[in-house]
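> Sequence and predicted structure are below.
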Amino acid sequence: MTGLLGPVMVIVWKDVLLELRSKDLVVSVIVFGLLVVVVFNFALNNTPGRSEELAPGILWAAFAFAAILAMNRAFVRDQEQGGLEGLLISPVSRDAIFLGKALTSLIFMLLVEGALLPIYAVMLDFSALSWNLMLTIFLGTLGFAVVGTLFSAIAVQTRSREIMLPVLFFPVLLPVIIASVEATTRAVGGETFIGLGRWLPLIVVFDALFLVICPWVFAFVVEE
Amino acid sequence: MTAPATEAVQARSLEKSYGEWPVLWDLDLSVPWGQTLVLFGANGAGKTTLLRILATHVRADHGSVAVAGHNLRTRPEEVRRRIGVVGHRSLLYDDLTCRENLIYYGRLYGLKDHKPRVDEVLEKVKLSSRADHRVRTLSNGMQKRAAIARAILHEPDVLLLDEPEAGLDRESVTILGTLLAEWTDSGRSVIMTTHDLDLGLAWGHRVGVLRGGKVHFPDSGPIGNGSRVGDIDIRQAVADALEAGR
């Protein structure tokens, strides 16, 4: 485990350092996330009476689109500057590379969501101070990060990567998105943890499945 | 350095095709410890492909490779630990400084005390004064020197250099030549490709020409003064082999 954790943390450290230098990912994704919510808010004519019904869908649509934007950039810098090749010829296992990149994406997306959530809560009129909501967002985002990292590694090798990623990403993540929206509906409705029903376990099962399958597939994806 | 296997690098019956186009065909290669093998070849002869296979970045269709006695297919991570690669790209991040890039690679390679080693390699490639400058602010030649520092950082047994002199000024070429001489004097090995005949003959203990998917060795032993091995004029033999490959 130590052999895996060391390189994973090195990759995370490098990506965080690069993001702190350029600030091109987190800031642009936050701005994009805000715009998505503003557009949906007006398009769906969200009023205080309808908030509980509409907010979860708008929230996850914004998170999903923001995730696409973030995941599109996950491997671009590595590909353009040769860092991916540098990783692949280093004595680091493919699993560690995948988990390092997925953990970086998870951290960035949670940062973005952490910044957006209070604003969404005000705009969509719901309470963000709920452990059930936080847990749902964390588990849903974990699924986004794991699947997104794999498909980002595939898409970055194609010429039309901006189109390729959403085409691959959304069909596979549909169960997670649906379960996240359902669990969020119950969480903002004030349901207890038990009240979240089967939706939270469903996200956990998908996350676990993705965490096993995606690193394994990644090793084949990066093989030339 | 690793306890020596019989050869630093040994490749047997390597084959690699891109689609219908065979690049390497039944290629055999061996590089003894403490020697530099210089590979010449026309564009598209497969020099870069061969180095990328040895660097574990490209999988050969057929054949076997061992680096320091470790089989590339069965123990790729051991092989990667024992090679240093300088290719056409620096593999460094533009927005990190030279030092940060090297610390990153030092940690990836699991170097215990990487900070003094980073200073040491930066000094070797004469980049100490630019250590804390971002890579994007360096000239191409300096970036190449930083890439060389990256490749030697973990003291690999074998250096794989793809046209390392490209983009380097005369002083940098001298620095690289000195570094390679020290490298092989310490018992480590180098495989490099180049189009510069003079440089290749000056730096190489052996030379090979990649042609028709195979490595042809015009020499039968180490190159002596005047680029001759016995009665063979290596310069002429390489030039003839290159001409035949066009």
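Sure, I can see it.
> list the helices and strands the strand or helix carrying residue B:184 packs on?
If you go by DSSP states H and E, residue B:184 is part of helix B:170-185. Other helices and strands packing on helix B:170-185, by 3 or more C-beta pairs under 8 Å, 6 or more residues apart in numbering or on different chains; DSSP states H and E, are helix B:140-152, strand B:189-193, helix B:197-203. C-beta coordinates here come from the backbone N, C-alpha and C atoms, glycine included.
> Looking at these, which is nearest to chain A?
Each of these has some distance to chain A by C-beta to the nearest C-beta; the shortest is helix B:140-152, at 7.7 Å.
> For residue B:47, grab the count of nearby residues.
Applying other C-beta atoms under 10 Å in any protein chain shown, we find 25 other residues in the vicinity of residue B:47.
> Disregarding flanking residues, what is the spatial nearest neighbour of it?
Leaving aside its sequence neighbours, residue B:47 sits nearest to residue B:193 (C-beta to C-beta, 6 or more residues apart in numbering or on different chains; 4.1 Å).
> right, and that neighbour touches residue B:51 too?
Yes: in this structure, residue B:193 sits in contact with residue B:51. The criterion is C-beta atoms under 8 Å, and the distance is 6.5 Å.
> which neighbours do these two share?
Both residue B:193 and residue B:51 are in contact with residue B:162, where contact means C-beta atoms under 8 Å, 6 or more residues apart in numbering or on different chains.
> remind me, longest helix of chain A?
For chain A, the helix reaching the highest residue count under DSSP state H is reported as helix A:94-124.
> Buried deepest among the helices and strands packed on helix B:170-185, which one?
Mean neighbour counts were taken over the helices and strands packed on helix B:170-185 using mean count of other C-beta atoms under 10 Å in any protein chain shown, and the top value, a mean of 25, falls to strand B:189-193.
> How about the helix holding residue B:184, which residues are buried there?
Of the residues in helix B:170-185, those with enough neighbours to count as buried (16 or more other C-beta atoms under 10 Å in any protein chain shown) are B:172, B:173, B:175, B:176, B:179, B:180, B:183, B:184.
> Nearest residue to residue A:138 in space, please, no chain neighbours.
Per C-beta to C-beta, 6+ apart, closest to residue A:138 is residue A:110, 7.1 Å.
> which residue sits farthest out from the middle of chain A?
Computed with C-alpha atoms, centre = their mean, the maximum C-alpha offset from the centroid of chain A is found at residue A:49, amounting to 29.5 Å.
> per-residue confidence for that one?
Per-residue confidence at residue A:49 stands at 73 (pLDDT).
> sorry, back to before: dig out what the residue nearest to residue B:47 forms beta bridges with.
For residue B:193, the beta-bridge partners under DSSP bridges are residue B:39, residue B:162.
> where does residue A:127 fall, helix, sheet strand or coil?
What DSSP: H, G, I helix; E, B strand; the rest coil gives for residue A:127 is coil.
> Where does residue 210 sit, in terms of helix or strand?
Using chain A here. Assessed by DSSP H and E, residue A:210 sits inside helix A:199-221.
> actually chain B
Assignment of secondary structure by DSSP H and E places residue B:210 within strand B:206-211.
> following that strand, which helix or strand comes up?
On the C-terminal side of strand B:206-211, the nearest following helix or strand under DSSP H and E is strand B:214-216.
> Helices of chain A, residue ranges please.
Remark: helices assigned in chain A by DSSP H are A:2-22, A:26-43, A:51-72, A:76-81, A:83-88, A:94-124, A:131-155, A:161-188, A:199-221.
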